[in-house]
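Participant: how does the following fold in three dimensions:
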Amino acid sequence: MDAIQTDRLILRNFRKVDAAGLLAYLHEPRAGCFLSERLEDLAAAEAEAMQRAANDQHVAVCLKGTETLIGDMFCFLEEPDTYSVGWNFNADFEGKGFALEAAQALFTHLFDTRGARRLYAYVEENNARSWQLCEELGMRREGVFVEFISFRTDDKGEAVYENTFQYAILRREWHRPRLTAR
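Facilitator: As a prediction, this is how the structure comes out:
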């Protein structure tokens, strides 16, 4: 993918040099859906960065100027024109609007360059920051899947099921004028 630049960020393919940044937030993933991506050490992070570099499905989100990796986004195509999207950001960079800025740029790219008709995201009910981001992006909550999926077990080894929201937005909705600036 060609790099996408915003005022403060660069969205680009992963590189081996991103390993330390990836390890910083995947050593102890905060969201349950990323627990399976947990990384133990720098060698594992390097291997993961190189695997992600192999295609455009994973997008590195870096600070402009330093190219420090602060998070990543994904966009998985479901033929012919729908993408499953999501994000995972380092908590050290939280609260500065980086996730919104990156997602707006990625959504515009998916709709305008890749011809997406529809984008959707699954978000665990307890991940308020993520579902609030979906709403800031103009995505509509289409429903809740009750006890939809389990990412962890309790002290007895029993699966803990989480409620999951589904959000989506269509191209025509993305291009409709809104009160908030993009």
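
Participant: dihedrals phi and psi, the closest residue to residue 118 other than its chain neighbours?
Facilitator: Spatially, and ignoring its direct neighbours in sequence, residue 118 is nearest to residue 82 (4.6 Å; C-beta to C-beta, 6 or more residues apart in numbering). For glycine as for every other residue, the C-beta is placed from the backbone atoms N, C-alpha and C. Torsion angles at residue 82 (phi, psi; degrees, to the nearest 10) stand at phi -120, psi 140.

Participant: for the spatially closest residue to residue 154 that is not a sequence neighbour, name its beta-bridge partners.
Facilitator: For residue 154, the nearest residue in space outside its immediate sequence neighbours is residue 160; the separation is 5.4 Å by C-beta to C-beta, 6+ apart. According to DSSP bridges, the partner residues bridging residue 160 are residue 152.

Participant: what's the answer for the one 4 residues further on, then?
Facilitator: As for beta bridges, residue 164 partners with residue 124, residue 145 under DSSP bridges.

Participant: isn't it up against residue 121?
Facilitator: No - at 10.1 Å, residue 164 and residue 121 do not qualify as touching, with contact defined as C-beta atoms under 8 Å.

Participant: and the residue nearest to residue 118, what does it touch?
Facilitator: Applying C-beta atoms under 8 Å, 6 or more residues apart in numbering, one finds that residue 82 lies in contact with 116-120.

Participant: how near is it to residue 117?
Facilitator: Applying C-beta to C-beta, to the nearest Å, one obtains 6 Å for the distance of residue 82 from residue 117.

Participant: again with residue 72
Facilitator: Taking C-beta to C-beta as the criterion, residue 72 is separated from residue 117 by 24 Å.

Participant: count the neighbours of the spatially closest residue to residue 125 that is not a sequence neighbour for me.
Facilitator: Nearest residue to residue 125, sequence neighbours excluded (C-beta to C-beta, 6+ apart): residue 163, at 4.0 Å. Burial measure for residue 163: 13 neighbouring residues, criterion other C-beta atoms under 10 Å.
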